[in-house]
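Trainee: predicted model and sequence follow; I will ask about them next.
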Amino acid sequence: MSALSSEAAHSLCQISWRLPSDLSQIPGLQQQIMDLLRQKGFSERDMFAIRLALEEAVANAMKHGNRLLPHKFVDVALGLQDDCVWIRVCDEGDGFDPDQVPDPTAEENLERPCGRGILLMRHFMDHVEYRDQGRTVLMVRRCACGTEAKNQAYYVSPVAE
């Protein structure tokens, strides 16, 4: 699991899930995470953004990473802090280079289905980073719900726990 630096190391909650590569698992995961966010006072706007990015990341991991193979799993970790939430999604696939995914807003790609999920994750989250040759995506969203200063920087260490 990724470690947060000392500036942001005080997680209010940290939890993880291991899901089979079955798209029907996503709504239950989303509901559990939305319940946690609601309990911590996250706004509906933040919850919408996080829910959408989470769905895209997990669906991409299951479909494109694990190719929906039932013996492969997707690991999801969530960290809640006073002023942000981070989500890490890891698959067991071959990986990919996100910079090689065609821009879905380019004229020649408007009718192609690929790349839209990455675009949505980058739009709705404040930070999206791919690691482990594209097998892991780490997303961070700053939220307006916390009591700590909003100018506090967050940093997610590349060191895995």
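Mentor: Perfect, thanks for sending it. Since this is a predicted model, take the numbers as computed values, not measurements.
Trainee: distance between stretch 61-69 and the chain's centre?
Mentor: A distance of 16 Å separates the centroid of the chain from that of stretch 61-69, by Cα atoms, centre = their mean, to the nearest Å.
Trainee: which neighbouring elements make contact with the helix or strand harbouring Ile26?
Mentor: In this assignment (DSSP states H and E), Ile26 forms part of helix 26-39. Applying 3 or more Cβ pairs under 8 Å, 6 or more residues apart in numbering; DSSP states H and E, we find helix 26-39 packed against strand 13-20, helix 44-60, strand 73-80. For every residue, glycine as well, the C-beta is placed using N, CA and C.
Trainee: unless I'm mixing things up, Val128 is touching Thr136, no?
Mentor: No - using Cβ atoms under 8 Å, Val128 is not in contact with Thr136, being 11.4 Å away.
Trainee: contact partners for the nearest residue to Asp91 once chain neighbours are set aside?
Mentor: Distances taken as Cβ to Cβ, 6 or more residues apart in numbering place Gly65 nearest to Asp91, at 3.0 Å, with adjacent residues excluded. With contacts defined as Cβ atoms under 8 Å, 6 or more residues apart in numbering, Gly65 is in contact with 72, 74, 91-96, 135.
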